[in-house]
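A.B. asks: A structural model of the following input is requested.
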Amino acid sequence: MAFDIEMIEKVYATMAERVDKARELVGRPLTLSEKILYSHLWEKTPSQAFTRGKDYVDFAPDRVACQDATAQMALLQFMHAGKKTVAVPTTVHCDHLIQAKVGADADLTRAKSQSSEVFDFLSSVSNKYGIGFWKPGSGIIHQIVLENYAFPGGMMIGTDSHTVNAGGLGMLAIGVGGADAVDVMSGMSWELKFPKLIGVKLTGKLNGWTAPKDVILKVADILTVKGGTGAIVEYFGEGAESMSCTGKGTICNMGAEIGATTSTFGYDDSMRRYLAATDRQDVVNAADKVAEYLTADKEVYANPEQYFDQLIEINLSELEPHINGPFTPDRGTPVSKMKEEAAANGWPVKVEWGLIGSCTNSSYEDMSRAASIVEQAVAHGISPKAEFGINPGSEQIRYTIERDGIIATFEKMGTKVFTNACGPCIGQWDREGADKEEKNTIVHSFNRNFSKRADGNPNTHAFVTSPEMVAALAISGRLDFNPLTDALLNDKGEEVRLNPPKGDELPNKGFDVEDAGFQAPAADGSSVEVVVSPTSERLQLLEPFKPWNGENITGAKLLIKAFGKCTTDHISMAGPWLRFRGHLDNISNNMLIGAVNAFNQQTNKVKNQLTGDYDAVPAVARAYKAAGVDSIVVGDHNYGEGSSREHAAMEPRFLGVTAVLVKSFARIHETNLKKQGMLGLTFANEADYDRIQEDDTVNFLDLTSFAPGKPLTLEFVHADGSKDVILANHTYNEGQIEWFKAGSALNLIAAGKAYL
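C.D. replies: Sure thing, here's the model as predicted:
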């Protein structure tokens, strides 16, 4: 469980040496992001000045973190790689498979019973291969990483898009698919397109009702869900230095919602305080010796417009609390504008539920500030109008806030305290009445609010805001309540104004916990047996995907032309489907069932060209596969936005989808497609999307000459015999083309022929 100070000191020694060389090579001052990137170049990578946003570069991350839902597939793939132990420090965290319903104890007991097979599998695999295992109930992966493993200047990858949370401690922490994690766990390099850099200069200081959450809600409103694609967002300025470390984590966490590769902050006193409070003074001592390397060069922050590809400035003193949504995290509304926006758009203003927690906002500071609002309401005799629930971020947080009376404060208003787990944030919420699909509004401090994500109800209007605003809105029961200006009525009919929230950055008595929930792996796991039942409905050993036959793909059928937003939730839903994350055949039954068919504007209803009938997307895909017919998927912009879940790539691969052709990809999903041996292509002319017809058959005309930088030519044959020839761009380099030829990147690793 403990951090590895020797590893960290080695990272710092390498950083000091490489950054000085990189500064000479580039011939100018360096940003923090560049310092970390250059200091983590794979040893076989040539030292050169890389072109931002264009060059693929090999890196050597310091550690890997996996959550239980994605760890199943990642570790099944790692078993296939044939290695005896992981090559870098790795942890598995059981946080996704616990459904919120009754309360922490009952929900955890039920989850342990229902998912015992999966938890036992993850425990035994971790024990065998030298992986640290965090048990169910120990907490949410990103909070635990921040508390135990993150460190300034490090590089980490994780099988969850919100791995970026660790940027709050000055890391470059990046969400990836399981195949990427397997590469690093196997001792291979990890490939990333050298990111562009977006600088966010924060001036002033947060005050009153404004919280760190409002910074990223504002940035999301500015950049949209795809504005950060291919970029690292680096925050700096007096405003950045004035915020807490966990507040910085909140901002970095939601960077996933703008498509950013990751986000980070420079090393400062708030990080020193947090590291010391979480028993890592040794890290502070080591970091202080190389502090100049753990933030950008002074010239960068003095003249940021010269060093960043894009620059945003936000005055925190003038920033207003925001409420983003519904259905997308980038639709920002300042609290003062919500009344008119809600009325203009017909949003339900009655708030049914307020939810606090998730990896985004589950720190001690978050809980204490929200509790200060609840405490005021209780003291003034104000009854909450909405139901209220919290998910503490870790057992350490839960134990500490219980000790300090914060949980007792919440419970005075009837708050449900759920397990230290993701819960409603990822759809693991058995919400009473959700099956009626009634139009309603909920507010939460999570990161995503896509349709159906929290409770499965497509008519639930979910809004994202800070924990303190969640508390205020839940107490008032109204979305258009503005705590800065509006009053509430207490049980005596008196008007009461809520004072701005107050809370401690860190617990005055220090953090405490009896059992954090960590299981260390066996020193020698060679005798540990990992058993997967061939009749299991939850787990399934993987079979290698077939390699490319070297010929042009012909006669492929259009499976679906997805209309509009198509996130990983649309491609591979979470919620009740999480139980099948370790069984590729079973989980494939949810493939693209949430995507809207452009030809009939319906979900999960596409034409089977072999029969002429309409059926569910997975059923049609299985029919094509059984007949030996390839299929392709066509999509819109930012296809694959959202979670890092590689199931959204593995399922189409498993069901015979050969290529995905879209207007643009979200970064992680495009990489996941490549890793699984698929063709991830983009329209050279976006208008060609409109030329795709429902009965199209697709022929690749020049796949046999597949090469970096060379577009592919696809022939779409329509039902009337007419044809459209379409150019498709791609970003494959030579190594990635080898993945395609081999059938997957993992096939190369298993064969000992990984392309480096």
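
A.B. asks: for stretch 491-501, C-alpha coordinates in PDB please.
C.D. replies: Listed next in PDB are the C-alpha coordinates belonging to stretch 491-501 (Å, rounded to 0.1, in the frame of the first residue of the first chain):
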ATOM      1  CA  ASP A 491     -40.700  25.600   9.800                       C
ATOM      2  CA  LYS A 492     -42.000  28.800  11.400                       C
ATOM      3  CA  GLY A 493     -42.600  30.500   8.100                       C
ATOM      4  CA  GLU A 494     -39.600  32.800   8.500                       C
ATOM      5  CA  GLU A 495     -37.300  33.700   5.700                       C
ATOM      6  CA  VAL A 496     -33.800  32.400   6.100                       C
ATOM      7  CA  ARG A 497     -30.700  33.200   4.000                       C
ATOM      8  CA  LEU A 498     -27.900  30.600   3.800                       C
ATOM      9  CA  ASN A 499     -24.400  31.800   4.500                       C
ATOM     10  CA  PRO A 500     -21.600  30.800   2.100                       C
ATOM     11  CA  PRO A 501     -20.100  27.400   2.800                       C
END
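
A.B. asks: now tell me what touches that stretch from outside.
C.D. replies: Residues from elsewhere that reach stretch 491-501 (C-beta atoms under 8 Å, 6 or more residues apart in numbering): 207-209, 211, 369-370, 372-373, 376-377, 380-383, 468, 471-472, 475, 483, 486-490. Heads up, the C-betas are built off the backbone N, CA and C, glycines and all.

A.B. asks: cool, and stretch 512-527?
C.D. replies: Contact with stretch 512-527 is made by 1, 84-85, 123, 126-139, 394-396, 399-400, 403, 528, as judged by C-beta under 8 Å, 6+ apart.

A.B. asks: before we move on, back to that, so of the contacts of stretch 491-501, which ones are in strands?
C.D. replies: Among the contacts of stretch 491-501, the members found in strands (DSSP state E) are 488-489.

A.B. asks: and the contacts of stretch 491-501, which are buried?
C.D. replies: The neighbour count (16 or more other C-beta atoms under 10 Å) marks 209, 211, 369-370, 372-373, 376-377, 380, 382, 468, 471-472, 475, 483, 486, 488 as buried among those.

A.B. asks: what are the buried residues along the lengthiest helix in the chain?
C.D. replies: The residue-count maximum for a helix in the chain (DSSP state H) belongs to helix 5-26. Judged by neighbour count (16+ other C-beta under 10 Å), helix 5-26 contains these buried residues: 8-9, 11-12, 15, 18-19, 22-23.

A.B. asks: could you dump the residues you listed into a markdown table with distance to residue 629 added?
C.D. replies: What follows is those, written out as a markdown table (distance: C-beta to C-beta, whole Å):
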| residue | distance to residue 629 |
| --- | --- |
| 8 | 53 |
| 9 | 57 |
| 11 | 50 |
| 12 | 55 |
| 15 | 52 |
| 18 | 51 |
| 19 | 53 |
| 22 | 50 |
| 23 | 55 |
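
A.B. asks: any chance of these in JSON lines, with pLDDT and distance to residue 616 too?
C.D. replies: Below are the buried residues of helix 5-26 laid out as JSON lines (pLDDT from 0 to 100; distance: C-beta to C-beta, whole Å):
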{"residue": "8", "pLDDT": "96", "distance to residue 616": "50"}
{"residue": "9", "pLDDT": "96", "distance to residue 616": "55"}
{"residue": "11", "pLDDT": "96", "distance to residue 616": "49"}
{"residue": "12", "pLDDT": "97", "distance to residue 616": "53"}
{"residue": "15", "pLDDT": "96", "distance to residue 616": "52"}
{"residue": "18", "pLDDT": "95", "distance to residue 616": "52"}
{"residue": "19", "pLDDT": "96", "distance to residue 616": "53"}
{"residue": "22", "pLDDT": "95", "distance to residue 616": "52"}
{"residue": "23", "pLDDT": "95", "distance to residue 616": "56"}
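
A.B. asks: out of the residues you listed, who's nearest residue 96?
C.D. replies: residue 8 (28.3 Å; C-beta to C-beta).

A.B. asks: make sure the closest one is actually in contact with residue 156.
C.D. replies: No: at 12.0 Å, residue 8 does not count as touching residue 156 under the criterion of C-beta atoms under 8 Å.

A.B. asks: distance of the most far-flung residue of the chain relative to its centre relative to residue 381?
C.D. replies: Largest separation from the mean C-alpha position in the chain: residue 492, at 45.7 Å (C-alpha atoms, centre = their mean). Distance of residue 492 to residue 381, given as C-beta to C-beta, to the nearest Å: 6 Å.

A.B. asks: any stretches of the chain with poor pLDDT?
C.D. replies: Within the chain, the set of residues satisfying pLDDT under 70 comprises 1-3, 753-756.

A.B. asks: give me the residue at the spatial middle of it.
C.D. replies: Closest-to-mean residue, the chain, C-alpha atoms, centre = their mean: residue 161 / 2.0 Å.

A.B. asks: return the residues in contact with that residue.
C.D. replies: Here residue 161 is in contact with 175, 256, 642-644, 668 (criterion: C-beta under 8 Å, 6+ apart).

A.B. asks: and residue 92, what does it touch?
C.D. replies: 66-68, 71, 75, 122, 126, 131-134.
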